[in-house]
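Peer 1: Predicted model follows, preceded by the sequence.
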Amino acid sequence: MKTSPRLSLNNGVLIQQLGFGLYKVPAADAEKLVAIALAAGYRHFDTAAMYGNETGLARGMSSQLGGEGDRGGSGELFPALSREDLFVTTKVWNTDHGYEATLRAFDTSMVNLGLDYVDLYLIHWPCAKRGLFPETYRALETLYREGKVRAIGVSNFQPAHLERLLQSAEVVPAVNQIELHPWLQQAELRKIHEELGIRTEAWSPLGRGQVLADPVVQACAAERRKTPAQVILRWHMQLGNIAIPKASSEARIRENLNVFDFELSERDMAALAGLDRGHRTGSHPDHVS
């Protein structure tokens with residue numbers, strides 16, 4: 001069984017660098033896929049209230065928590081897990097911005113997840129035109145102080161959003177989860193993260209599959225005898241990013257985790273760095289309200 005190394009957040013909490021993303025995973029499929037991912041070695045799971053699959057994640061995790069172990073999708077036996085072995089992220093949705101609304105939304109997520117705490121709670125989008133994200137973040141700080149979350153952060157925040165947030169925030173976000181892949185590298189934002197002690201976490205780390213066909217990526221994969229997805233995920237790992245690829249088959253789930261037995265050369269990293277074209281597969285944060 002392969003497992004991901006862990007990185008330290010700015011408050012000392014450890015997070016697995018490579019996690020399993022549940023974006024657009026139907027609730028009915030989440031339980032099975034999470035169980036397969038656990039058997040493969042994943043311990044970090046990323047969901048959100050908007051995804052509608054918090055309950056599916058809960059069922060997938062609970063099938064492996066406690067007891068004497070179980071068999072994963074391939075039938076191999078692996079040890080039972082404790083809650084402390086897992087890292088769970090969820091997010092407050094745009095319609096629940098504001099202090100009291102965020103606290104209520106968190107309670108709902110906790111019921112859905114069946115947990116006593118979550119490891120990371122994020123603001124899903126800044127929705128800057130509404131002007132509520134500072135109050136939303138204040139609710140996250142309350143949850144953090146109460147021990148209901150181990151770390152707090154944001155998602156899809158641009159430099160201006162971070163600057164505004166930090167004018168009033170008392171806790172520096174541990175993570176900013178952003179769209180990030182070789183065609184959208186967000187170097188300026190990553191530099192700000194480094195200066196502030198914020199971890200960069202990549203959603204859509206494979207560019208929703210679009211980047212897999214890039215000739216540079218494919219040439220590197222052929223040379224390394226790896227898949228294009230493995231090359232891109234390895235690129236993320238060597239940059240120090242956290243990445244949460246989605247996968248809907250056991251083969252792809254295992255493939256994505258098999259990126260810790262090789263390294264990209266400086267030449268490979270430079271070639272991939274040259275692919276940046278500012279291409280978004282999702283919405284620009286300034287256009288989400």
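Peer 2: Yes, it's here.

Peer 1: before we move on, could you check phi and psi at residue 184?
Peer 2: phi -140, psi 90 (degrees, to the nearest 10).

Peer 1: what sits against the closest residue to residue 3 other than its chain neighbours?
Peer 2: Once flanking residues are discounted, residue 3 sits nearest to residue 41: 4.4 Å by Cβ to Cβ, 6 or more residues apart in numbering. For every residue, glycine as well, the C-beta is placed using N, CA and C. By Cβ atoms under 8 Å, 6 or more residues apart in numbering, the residues touching residue 41 are 1-4, 257.

Peer 1: Could you list the paired strands of the helix or strand that residue 153 is a member of along with their orientation?
Peer 2: Applying DSSP states H and E as the criterion places residue 153 in strand 152-155. Its sheet considered, strand 152-155 pairs with strand 120-123 (parallel), strand 175-179 (parallel) by DSSP bridges.

Peer 1: For stretch 130-139, give the mean pLDDT please.
Peer 2: On average, the pLDDT along stretch 130-139 is 98.

Peer 1: buried set for that stretch?
Peer 2: 132-134, 136-139 (16 or more other Cβ atoms under 10 Å).

Peer 1: Toward the C-terminus from the strand holding residue 153, list the very next helix or strand.
Peer 2: helix 159-166.

Peer 1: Hmm, residue 180 is touching residue 206, no?
Peer 2: No. Using Cβ atoms under 8 Å, residue 180 is not in contact with residue 206, being 10.4 Å away.

Peer 1: Buried deepest among the strands paired with strand 152-155, which one?
Peer 2: Among these, strand 120-123 has the highest mean neighbour count (mean count of other Cβ atoms under 10 Å), at a mean of 27.

Peer 1: contacts for it?
Peer 2: Residues from elsewhere that reach strand 120-123 (Cβ under 8 Å, 6+ apart): 15, 48, 87-92, 97, 106, 133, 136-137, 140, 143-144, 149-155, 157, 174-175, 177.

Peer 1: any idea how far that strand is from the chain center?
Peer 2: Taking the mean of its C-alpha atoms, strand 120-123 sits 10 Å from the chain's own mean (Cα atoms, centre = their mean, to the nearest Å).

Peer 1: Return it as PDB; C-alpha atoms alone will do.
Peer 2: C-alpha atoms of strand 120-123 as PDB (Å, rounded to 0.1, in the frame of the first residue of the first chain):
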ATOM      1  CA  LEU A 120      -9.700  21.800   7.500                       C
ATOM      2  CA  TYR A 121     -12.600  24.100   6.900                       C
ATOM      3  CA  LEU A 122     -12.500  26.500   3.900                       C
ATOM      4  CA  ILE A 123     -14.400  29.400   2.400                       C
END
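
Peer 1: Would you mind naming the residues that bridge with residue 153?
Peer 2: residue 122.

Peer 1: and residue 34, backbone torsions?
Peer 2: Residue 34 has phi and psi values of phi -70, psi -40 when expressed as degrees, to the nearest 10.

Peer 1: Now it: closest residue in space, sequence neighbours ignored.
Peer 2: Take residue 34 and drop its neighbours on the chain: the residue closest to it by Cβ to Cβ, 6+ apart is residue 60, 2.7 Å away.

Peer 1: List the contacts of that neighbour.
Peer 2: 30-35, 37-38.

Peer 1: Dump the residues you listed into TSV; add distance to residue 213, secondary structure and neighbour count as well.
Peer 2: Below are those laid out as TSV (distance: Cβ to Cβ, whole Å; DSSP: H, G, I helix; E, B strand; the rest coil; neighbours: other Cβ atoms under 10 Å):
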residue	distance to residue 213	secondary structure	neighbour count
30	28	helix	23
31	32	helix	20
32	29	helix	16
33	25	helix	26
34	29	helix	27
35	31	helix	20
37	25	helix	25
38	31	helix	25
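
Peer 1: Just send those back as CSV, with pLDDT and distance to residue 216 too.
Peer 2: Below are those laid out as CSV (pLDDT from 0 to 100; distance: Cβ to Cβ, whole Å):
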residue, pLDDT, distance to residue 216
30, 97, 34
31, 96, 38
32, 96, 35
33, 97, 30
34, 97, 33
35, 95, 36
37, 97, 29
38, 96, 34
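
Peer 1: which one of the residues you listed is nearest residue 263?
Peer 2: Here the nearest of the contacts of residue 60 to residue 263, counting by Cβ to Cβ, is residue 37; it sits at 24.3 Å.
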